[in-house]
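*Asks:* can you look at this prediction? I've put the sequence above it.
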Amino acid sequence: MIQKIKQISRKKKDSKHKTASDTAQKSGKKGDEIIIELKDVWKIYDMGEVKVNALRGLNVKVYKGEFLSIMGPSGSGKSTAMNMIGCLDVPTKGDVFLSGKNISYLTESDLATIRGEKIGFIFQKFNLINALTAKENIMLPLLFQDMPVDERKKRAEDVLQMVGLGDRMDHRPNELSGGQQQRVAIARALATDPEVILADEPTGNLDQKSGASVMDFLRQLHKDKGTTIVMVTHDKNVAGKADRVEVLIDGAIVDNKKKREVL
Ligand SMILES: Nc1ncnc2c1ncn2[C@@H]1O[C@H](COP(=O)(O)OP(=O)(O)O)[C@@H](O)[C@H]1O
Ligand SMILES: [Mg+2]
């Protein structure tokens, strides 16, 4: 698997496009470059009579090459935060910087371009298309990358091999177990060779064994390839698999004292 990860990595990255592990080796310190920063981010959902303050002045820095988890109870704003980090939505107030660029005021079409180039998503419910096979599910987002069909096929096959599903490429989601479906979703996230992988409760719909295997895979990926991973979860044990944990309560990151009480 390690070999495969390296092969995929080599295909896309050229010499100017250094991986986080290259940078880490050079500087001797991992994670001194900030890849994503949320500064005093507010998200207020306007429901007419009621306004929901889902994020209340959220500050988060994501360092290049780190594996960060944001842990919080249900309703604390984790998915909303993930939408901001992943450029799926823009804040009501505050700023989001991606590689130093303020994306808070971009149009949906610009946000979509950035997402396609830089970010791979993994969701709790896998979000696979039931009518398509595993391979087709992975090939689909590559359509938007101007990739010839043969290359898309090859890329999909490579990433499916990488997640250990080489023998399930032509299966549809309902012919796969939950753990296998999540591995297809991980393969899909990896296929564009993104700078950052964002995972929203990636083990939330899995039994303990499949969840552990998905976490092992993410850890291995992070270790071998230096991919930046940001994961949100309500589960302390899952959060503990990351290198760094922040705690989110009521739409803001808590201070260290409160964090120690929670963790
Ligand atoms: N699209 C939406 N419209 C209105 N309220 C929302 C929307 N999405 C989330 N919320 C509310 O915002 C708060 C945070 O939700 P969410 O980010 O989904 O939390 P978590 O992922 O931690 O469970 C909750 O009170 C939720 O009900
Ligand atoms: Mg959520």
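*Replies:* Nice, thanks for sending it over. Ligands and ions are numbered 1, 2, ... in the order given.
*Asks:* which parts of the chain sit against ligand 1?
*Replies:* By Cβ under 6 Å from any ligand atom, the residues of the chain that approach ligand 1 are Tyr45, Met47, Val52, Ala54, Gly72, Ser74, Gly75, Ser76, Gly77, Lys78, Ser79, Thr80. Every residue, glycine included, has its C-beta placed from N, CA and C.
*Asks:* same for the longest helix along the chain, what does it pack against?
*Replies:* The longest helix of the chain (DSSP state H) is helix 208-225. Judged by 3 or more Cβ pairs under 8 Å, 6 or more residues apart in numbering; DSSP states H and E, the packing partners of helix 208-225 are helix 2-12, strand 67-71, helix 178-191, strand 196-200, strand 228-233.
*Asks:* lowest-pLDDT helix or strand in the chain?
*Replies:* The weakest-scoring helix or strand in the chain, judged by mean pLDDT, DSSP states H and E, is helix 20-27 (a mean of 43).
*Asks:* any idea how far Lys154 is from the residue nearest the centre of the chain?
*Replies:* Of all residues in the chain, the one closest to the mean position by Cα atoms, centre = their mean is Leu198, 1.2 Å from it. Counting by Cβ to Cβ, to the nearest Å, the gap between Leu198 and Lys154 amounts to 25 Å.
*Asks:* for Ile85, same thing?
*Replies:* Separation of Ile85 from Lys154 (Cβ to Cβ) stands at 30 Å.
*Asks:* of those two, who's got more company?
*Replies:* Neighbour tally, Ile85 and Lys154, criterion other Cβ atoms under 10 Å: the higher count belongs to Ile85, 26 against 14.
*Asks:* I'd say the more buried one and Ile36 touch.
*Replies:* Yes: if you go by Cβ atoms under 8 Å, Ile85 and Ile36 touch, sitting 5.7 Å apart.
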